[in-house]
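Asks: Here's a sequence, model it:
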Amino acid sequence: MKTPQLGNSMQTTLAPAYVTGLSEGLASFTYSRNGNGINLRFTMKMQEQDRDLLFSLMMFFGVGNVYHSKPRDDSPAGRGGSWYYCVTKLSDLERLVRHFEAYPLAGSRARAFEVWKQLFELKRSQRTSDTEALFSLAARLSELSRRRTSTQTASDTEAS
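Replies: Numbers count the residues shown, from 1 in each chain. Predicted coordinates for the structure are as follows:
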């Protein structure tokens, strides 16, 4: 996708600590299964009004893509769908790993990142034949994600 011109009000140079803070709140360190393997993915999702921030994030890291997901037919009127910043290429993910090592996450994403980073290291070292280790780490990452989601849902319910 061609990068659009950013609005004049959009800061195009992001501070590293800001990127970590933004990631603590919105990033996903995840994976998908591919037969006997695992494909790693870093994503961040925002709504239409914040899409320029995703393009700034892509420029900050110098890797990845930003794409748009159209709204579902049953979405409320006026919703423009979601925008995603996504990095999947192993050599590109290394930049993100280096960033989060230098500017560490502090909350629940920190635990997810550490497990995700172990998956990254295993894949980078070409030890992908160790499917037991891959799937064990993937299961831990999924469990951390479920816990974080259920905790967020519970706190959202309490705030209502």
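
Asks: I'd assumed residue 135 was in a strand, is it?
Replies: No. The assignment for residue 135 (DSSP: H, G, I helix; E, B strand; the rest coil) gives helix, which keeps it out of a strand.

Asks: Spatially nearest residue to it (excluding sequence neighbours)?
Replies: With Cβ to Cβ, 6 or more residues apart in numbering as the criterion, residue 135 has its nearest non-adjacent residue at 7.5 Å, and that residue is residue 38. For the C-beta atoms, the positions are set from N, CA and C on the backbone; glycine is no exception.

Asks: Tell me who's in contact with that neighbour.
Replies: By Cβ atoms under 8 Å, 6 or more residues apart in numbering, the residues touching residue 38 are 31-32, 119, 123, 128, 134-135, 138.

Asks: Strands - which of those land there?
Replies: Judged by DSSP state E, strands contain the following of the contacts of residue 38: 31-32.

Asks: Out of the contacts of residue 38, which is nearest to residue 90?
Replies: Taking Cβ to Cβ as the measure, residue 90 lies nearest residue 123 of the contacts of residue 38, at 6.1 Å.

Asks: so the closest one sits right up against residue 41, yeah?
Replies: No. Judged on Cβ atoms under 8 Å, residue 123 makes no contact with residue 41 at a distance of 12.0 Å.

Asks: Show me the strands in this protein, by range?
Replies: 27-34, 37-47, 65-69, 82-87.

Asks: Now mean pLDDT and distance to residue 113 too, for those strands, in a markdown table please.
Replies: A markdown table is the format used below for the strands of the chain (pLDDT from 0 to 100; distance: least, Cβ to Cβ, whole Å):
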| stretch | mean pLDDT | distance to residue 113 |
| --- | --- | --- |
| strand 27-34 | 90 | 5 |
| strand 37-47 | 92 | 9 |
| strand 65-69 | 94 | 21 |
| strand 82-87 | 96 | 13 |
